[in-house]
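**Q** return atomic coordinates for the entry below.
(chains A and B)
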Amino acid sequence: MSLYLYNTAAKKKQLFKTIKEKNVRLYTCGPTVYDYSHIGNFRTFIFQDVLKKWLILSGYKVKHVMNITDVDDKTIKRSIDEGIPLKDLTTYYEQRFFEDLDWLKIAKADFYPRATDSISKIVEMISALISKKYAYVEKDGSVYFKIKNFKKYGELSGLPINNSTKSARVLTDEYDKDSPQDFVLWKSYKKSDGITFWESPWGKGRPGWHIECSAMSIGYLGESFDIHCGGVDNIFPHHENEIAQSEGFTGKKFVNFWLHSEHLMMDKAKMSKSSKNFFTIEYLKEYGFKAGALRYLLLCGHYRHKLKFSLKSMLKGNRVLEKIENFSFRLIDKGAMGLDKKLLKEPEDCKIFKNHMNNDLDTPKALAVFFSYIKKVNKSLDDNNLNKVALGRAWTFFSIFNDVFSMVDLNELIVPSSINNLLALRKKARAKKDWKASDEIRNLIKEEGYDVEDSVDGQRVKKIKI
RNA sequence: GGCGUCGUACCCAAGUGGUUUAAGGGACCGGUUUGCAAAACCGUUAUUCGCCGGUUCGAAUCCGGCCGACGCCUCCA
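**A** Prediction:
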């Protein structure tokens, strides 16, 4: 089986090949930590999580780097507006970001470099770009990239350069640039920057937004690496500029595969901080969304298509999660976790599931296959017709599914002894058909945070999630 | 103005020429099972794919027009 991925640079699906055999070097654009990340941001991060987990499951060793942008116009403005040091502000939102990642069961990257820790590398790159005539210094001490000198400029996004229909914003800019579309590598110090600046060969200032990603990705992954991801809004100008800077600097191909995820839509408009139509993870958590439910809701559409999101979808998400959890409970009840390894074989449906995942991470189709399979196995369980071989196959498929979709938290299945004692009592009461005592104990268990369900196989407890 | 995407049931969402007289999920209703509750299973729910026309033996799928929604071109996942 081979993995095909849609490469924005090629504008088509391509067979995925790594530079170094069985090793993937992956860079994903991280958050700007001036505010909480929202569920739209996490659509992209969860897509990247699924990509990474799928690569690992396919036998690749993945080196993953995600940057933290902790200095830019917005972070500086916010810290001044709120009267707190930049570092305090960015540390706060960085921590909140990591908590959200954790809650959403997103696997940690190997490195989270910060822009402010990468200034020397950034200065080194800008100096080299100037000497190679890819960049020039303006009178005020700002440094710009000269896109005219980089022939490939515009190839990724397909946007025309130097067209006659420049946006109003570009036309009204006051910059002393050679060309309006030249972008800034180093921003000279302005009063509005307050105490935020670094010394450089061109005077006091701070890095432009795009250069940090080039510096950090090259710094951690090398001059050429395998995959670079982000949201579609990063294609232009961010990633276009990254290619220009990086390839101008190294003279080598920067990235082989560019992967971009589409936006999450709210009331038909894209979710964004500026339009104030966004939900934070904290809000959704309080509203009642479970982590696994959000993962499902963000993966039930293909990552390259717009996906609608609303608070109404909570019912669906939580219900689907419960259904999959119940399925895993039933398998565990039957002894799935203690099966001989020889019995852990993939069923045919799992191979179909894998084929869909290998086709540009087709999660909606993969999910459809998984759901149909659940139904089949549940039916066998109802008929008490599932033998060890079939159980092993079901558990194998579930495990592969859950390794990637990460919806069910198996740790939550461990039941404390206090609950087990109550269950034993209830079992005795039920044997005597003492329904009153049985229901009382069920209520006691509920107060301890667990639900009890009765089935032909006996009692089953489920932790009530908050 | 330039470039691009999308419009499928009550809702989310697959499907890009014939094994689709449209996957999968949620919701709803009916049934089986059940001490209760829950879970699970079975069945029902788009003769139709924004609208109009065309190509074709055959179209949700291709072409043209119209209507509607959205994205990028400026910070943005």
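
**Q** beta partners for A:Glu453?
**A** A:Arg460 (DSSP bridges).

**Q** A:Gln459 is in contact with that one, correct?
**A** Yes. Using C-beta atoms under 8 Å, A:Glu453 is in contact with A:Gln459, at 7.3 Å. Backbone N, C-alpha and C define where each C-beta goes, glycine included.

**Q** these two: who's more crowded?
**A** When neighbours are counted by other C-beta atoms under 10 Å, A:Glu453 and A:Gln459 differ, and A:Gln459 comes out ahead with 19 against 12.

**Q** who's in contact with the more buried one?
**A** With contacts defined as C-beta atoms under 8 Å, 6 or more residues apart in numbering, the neighbours of A:Gln459 are A:Leu423, A:Arg426, A:Lys427, A:Arg430, A:Val452, A:Glu453.

**Q** do A:Cys29 as well
**A** Counting by C-beta under 8 Å, 6+ apart, the residues that A:Cys29 touches are A:Met66, A:Asn67, A:Cys213, A:His228, A:Cys229, A:Gly230, A:Gly231, A:Asn234, A:His238.

**Q** wasn't the fourth one part of a strand?
**A** It stands for A:His228. Yes. Secondary structure of A:His228 (DSSP: H, G, I helix; E, B strand; the rest coil): part of a strand.

**Q** the closest residue to it other than its chain neighbours: neighbouring residues, count only.
**A** Closest residue to A:His228 apart from its sequence neighbours, by C-beta to C-beta, 6 or more residues apart in numbering: A:Val255 at 4.4 Å. The tally of other residues near A:Val255 (other C-beta under 10 Å) stands at 24.

**Q** which bits of the stretch 151-300 of chain A sit near RNA strand B?
**A** By the rule C-beta under 7 Å from any atom of the strand, the part of the stretch 151-300 of chain A lying against RNA strand B is A:157-160, A:163, A:165-167, A:169-170, A:181, A:183, A:209, A:230-238, A:261-265, A:268-274, A:297, A:300.

**Q** show me which positions of stretch A:362-378 end up buried.
**A** For stretch A:362-378, a neighbour-count test (16 or more other C-beta atoms under 10 Å) marks A:Asp362, A:Thr363, A:Ala366, A:Leu367, A:Val369, A:Phe370, A:Tyr373, A:Ile374, A:Val377, A:Asn378 as buried.

**Q** so how far is that stretch from its chain's centroid?
**A** 23 Å (C-alpha atoms, centre = their mean, to the nearest Å).

**Q** ok, stretch A:335-347 next?
**A** With C-alpha atoms, centre = their mean as the basis, the mean position of stretch A:335-347 lies at 31 Å from the chain mean.

**Q** for stretch A:140-157, same thing?
**A** Distance, stretch centre to chain centre, for stretch A:140-157: 29 Å (C-alpha atoms, centre = their mean).

**Q** and what of stretch A:177-184?
**A** On C-alpha atoms, centre = their mean, the centre of stretch A:177-184 falls 33 Å from that of its chain.

**Q** pull out the buried positions in that stretch.
**A** Result for stretch A:177-184 [16+ other C-beta under 10 Å]: buried residues A:Lys177, A:Gln181, A:Asp182, A:Phe183, A:Val184.

**Q** and that stretch, average pLDDT?
**A** Throughout stretch A:177-184, pLDDT has a mean value of 84.

**Q** can you name the residue of chain A nearest to RNA strand B?
**A** A:Gly231 (1.5 Å; C-beta to the nearest atom of the strand).

**Q** so which helix or strand takes in the nearest residue to that residue once chain neighbours are set aside?
**A** Nearest non-adjacent residue to A:Gly231, counting by C-beta to C-beta, 6+ apart: A:Thr44, 4.8 Å away. Element membership for A:Thr44, per DSSP states H and E: helix A:39-57.

**Q** what of A:Ile122?
**A** Applying DSSP H and E as the criterion places A:Ile122 in helix A:119-131.

**Q** following that helix, which helix or strand shows up next?
**A** Immediately after helix A:119-131, counting by DSSP H and E, sits strand A:135-137.

**Q** before we move on, the earlier item: show the buried residues in the residues of the stretch 151-300 of chain A next to RNA strand B.
**A** So, by 16+ other C-beta under 10 Å, the buried ones in those are A:157, A:181, A:183, A:209, A:230-231, A:234-235, A:237-238, A:261-265, A:270-273, A:297, A:300.

**Q** can you tell me which of those residues end up in strands?
**A** A:Phe183, A:Gly230, A:Gly231, A:Ser261, A:Leu264, A:Met265, A:Lys270 (DSSP state E).

**Q** list the contacts of A:Asp100.
**A** So A:Asp100 contacts A:Tyr36, A:Ser37, A:Phe42, A:Ile281, A:Glu282 (C-beta under 8 Å, 6+ apart).

**Q** could those residues be laid out in JSON lines, adding pLDDT, secondary structure and neighbour count?
**A** Below are the contacts of A:Asp100 laid out as JSON lines (pLDDT from 0 to 100; DSSP: H, G, I helix; E, B strand; the rest coil; neighbours: other C-beta atoms under 10 Å):
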{"residue": "A:Tyr36", "pLDDT": "95", "secondary structure": "coil", "neighbour count": "19"}
{"residue": "A:Ser37", "pLDDT": "95", "secondary structure": "coil", "neighbour count": "22"}
{"residue": "A:Phe42", "pLDDT": "97", "secondary structure": "helix", "neighbour count": "25"}
{"residue": "A:Ile281", "pLDDT": "96", "secondary structure": "helix", "neighbour count": "23"}
{"residue": "A:Glu282", "pLDDT": "96", "secondary structure": "helix", "neighbour count": "13"}
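
**Q** now, the most widely separated pair of those?
**A** Largest separation among these by C-beta to C-beta: A:Phe42 and A:Glu282, giving 11.9 Å.

**Q** in chain A, where is pLDDT below threshold?
**A** For chain A, applying pLDDT under 70 flags the ranges A:1, A:162-176, A:466.

**Q** and it, what are its domains?
**A** With domains defined by automatic domain parsing, chain A comprises A:4-261, A:281-413, A:417-463.

**Q** quick one: the last one near RNA strand B?
**A** Right, the one you point to is domain A:417-463. Yes. Using C-beta under 7 Å from any atom of the strand, domain A:417-463 reaches RNA strand B at A:Arg430, A:Trp435, A:Ser438, A:Asp439, A:Asp451, A:Val452, A:Glu453, A:Asp454, A:Ser455.

**Q** for PyMOL, what selects the buried ones among these?
**A** Typed into PyMOL, the line below selects the buried ones among those, using 16+ other C-beta under 10 Å:
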select buried, chain A and resi 430+438+452
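
**Q** turn the residues of domain A:417-463 next to RNA strand B into TSV, including distance to A:Met337.
**A** Shown next, in TSV, are these (distance: C-beta to C-beta, whole Å):
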residue	distance to A:Met337
A:Arg430	25
A:Trp435	32
A:Ser438	28
A:Asp439	30
A:Asp451	21
A:Val452	20
A:Glu453	19
A:Asp454	22
A:Ser455	18
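
**Q** let me know the closest of the residues of domain A:417-463 next to RNA strand B to A:Phe111.
**A** The closest of those, once distances to A:Phe111 are taken by C-beta to C-beta, is A:Asp451, at 40.9 Å.

**Q** work out for me the element the closest one sits within.
**A** In this assignment (DSSP H and E), A:Asp451 forms part of strand A:450-455.

**Q** convert that strand to PDB, retaining C-alpha atoms only.
**A** Taking Å, rounded to 0.1, in the frame of the first residue of the first chain, the C-alpha atoms of strand A:450-455 are listed here in PDB:
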ATOM      1  CA  TYR A 450     -19.600   6.000  36.900                       C
ATOM      2  CA  ASP A 451     -22.600   4.700  35.000                       C
ATOM      3  CA  VAL A 452     -23.700   1.100  35.200                       C
ATOM      4  CA  GLU A 453     -25.300  -0.800  32.400                       C
ATOM      5  CA  ASP A 454     -26.600  -4.300  32.400                       C
ATOM      6  CA  SER A 455     -26.200  -6.700  29.600                       C
END
